[in-house]
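Enquirer: Next come a sequence and a model predicted from it.
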Amino acid sequence: MRVTAALWLACAWTGYAADEPGISLCEAPVTETARKYLGTPYARAGEAPERGFDCSGFTKYVFSESCGFTLPRSSYEQAKRGVKIGKEALQPGDLVVFREPRRLHMGLYLGEGKFIHSPNRRGKVRVESLESGHFKRTFKEGRRVIEPVDLTGIYQWAREVEAPPETPQPVVKKRVGAKRAAMRKAPGNGTGTASRRKAATRRATKKSAPR
């Protein structure tokens, strides 16, 4: 439970992208969430699956649901966020921006030259190729909006939190067996008997010694 919470917090972190572009932190959740809404109808100003999506409403909703990341509502504002990425450097989870005659169009890169978007009034959420005629001509740039984060410390913290506390082991004193205790008490055994025997030997030696 705590490990899951730690990783969710990492995914939900919402800073701007770093100067050095890395892989989008939430790439798997973002792309998986986006695919759930394939076939959702286009709706002008739509930003929820119940009503439908326009292009920027779709990307905003997907990022919010999958990572807790709040994108601006308009295509122009979304296209300003994060770090600019060339087509050859795109990673799953990056935004893709297209320059239309009077507006910008937004989509979400899935990998292998494919992206998902809510296209137009006559369309539904679908997957397209960046190399198809229209989108190849109008592609402007990619935008990486989730900041790459080093998760090493988070994983270490999660492991430490999850590890059960060490239980101190009781010190077990060895019990002397009844047989051994009896032998110690028996005549001829034990330290006291040996001392008396030595004393008696010394007295006998003194008596027999010539005066």
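Expert: Perfect, thanks for sending it. Just so we're clear, the structure is a prediction, and the values are computed from it rather than from any experiment.
Enquirer: Paired strands for the longest strand seen in the chain, with orientation please.
Expert: If you go by DSSP state E, the chain has its longest strand at strand 104-111. Its sheet considered, strand 104-111 pairs with strand 95-99 (antiparallel), strand 114-117 (antiparallel) by DSSP bridges.
Enquirer: With mean neighbour count and mean pLDDT as new columns, can these be given to me in JSON lines?
Expert: Using the backbone N, CA and C atoms, a C-beta is placed for each residue, glycine as well. Converted to JSON lines, the strands paired with strand 104-111 look like this (neighbours: other Cβ atoms under 10 Å; pLDDT from 0 to 100):
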{"stretch": "strand 95-99", "mean neighbour count": "22", "mean pLDDT": "98"}
{"stretch": "strand 114-117", "mean neighbour count": "22", "mean pLDDT": "98"}
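Enquirer: quick one: which of these is nearest residue 53?
Expert: strand 114-117 (9.1 Å; Cβ to Cβ).
Enquirer: which other residues reach that closest one?
Expert: 31, 34-35, 38, 55, 58-59, 96, 105-110, 125-130, 135 (Cβ atoms under 8 Å, 6 or more residues apart in numbering).
Enquirer: For the chain, give me the ranges with low pLDDT.
Expert: Residue ranges of the chain with pLDDT under 70: 1-28, 147-166, 168, 171-201, 203-211.
Enquirer: And the strands in it, which stretches?
Expert: Going by DSSP E, the chain shows strands at 47-48, 52-53, 83-85, 95-99, 104-111, 114-117, 126-129, 139-144.
Enquirer: now the ones you listed as CSV including distance to residue 64?
Expert: Below are the strands of the chain laid out as CSV (distance: least, Cβ to Cβ, whole Å):
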stretch, distance to residue 64
strand 47-48, 9
strand 52-53, 12
strand 83-85, 20
strand 95-99, 14
strand 104-111, 13
strand 114-117, 16
strand 126-129, 21
strand 139-144, 16
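Enquirer: who wins for proximity to residue 66 among the ones you listed?
Expert: The nearest among the strands of the chain, by Cβ to Cβ, is strand 104-111 at 10.3 Å.
Enquirer: May I see the buried residues of the closest one?
Expert: 104, 105, 106, 107, 108, 109, 110 (16 or more other Cβ atoms under 10 Å).
Enquirer: hang on, the earlier thing: compute the inter-axis angle for the longest strand of the chain and strand 139-144.
Expert: For strand 104-111 against strand 139-144, the angle by axes from the mean of the first three to the mean of the last three Cα atoms, to 10 degrees is 60 degrees.
Enquirer: before we move on, back to that, can the strands paired with strand 104-111 go into TSV with extra columns for distance to residue 43?
Expert: Below are the strands paired with strand 104-111 laid out as TSV (distance: least, Cβ to Cβ, whole Å):
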stretch	distance to residue 43
strand 95-99	19
strand 114-117	14
